[in-house]
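Participant: Provided below for reference: sequence and predicted model.
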Amino acid sequence: MKLRIGFMGFAHVHAPGHAEILRSRNDVEIIGLFDDVRDRGLYYANKYGIEFTPSLEDLVRKKPDLVVIDSETAKHLEYVKIAAEN
């Protein structure tokens with residue numbers, strides 16, 4: 001069984017590295033990428049072959065086992081709360 005992972009944001013400088021490492025693993029499925037800057041989200045979703053999700057709610061509905069929060073630091077707490085509540 002693969003670990004289902006979603007990206008909440010892709011603004012952090014570390015985000016591409018996280019995506020590269022996770023994509024290289026056999027035991028991981030990246031199920032979606034949300035970014036509140038749509039153009040950035042679409043760019044990286046296309047670059048890494050990840051489905052772009054237009055809202056956090058859409059990503060949460062996919063029932064990820066865990067999320068990688070690579071948003072701007074100021075949004076981390078908000079995204080952690082959303083992930084924890086779901």
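Facilitator: Thanks, I have the structure now.

Participant: contacting residues around the helix or strand containing residue 17?
Facilitator: Counting by DSSP states H and E, the element that carries residue 17 is helix 15-23. Outside helix 15-23, the residues that touch it by Cβ atoms under 8 Å, 6 or more residues apart in numbering are 5, 7, 9-10, 28, 30, 44, 48-50, 68, 70. For the C-beta atoms, the positions are set from N, CA and C on the backbone; glycine is no exception.

Participant: In ChimeraX, select just the buried ones from those.
Facilitator: Buried residues among the contacts of helix 15-23 (16 or more other Cβ atoms under 10 Å), as a ChimeraX selection:
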select :5,7,9,10,28,30,44,48,50,68,70
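
Participant: Reformat the contacts of helix 15-23 as a markdown table; add distance to residue 36.
Facilitator: Conversion of the contacts of helix 15-23 to a markdown table gives the following (distance: Cβ to Cβ, whole Å):
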| residue | distance to residue 36 |
| --- | --- |
| 5 | 19 |
| 7 | 12 |
| 9 | 7 |
| 10 | 10 |
| 28 | 24 |
| 30 | 18 |
| 44 | 13 |
| 48 | 18 |
| 49 | 21 |
| 50 | 16 |
| 68 | 15 |
| 70 | 12 |
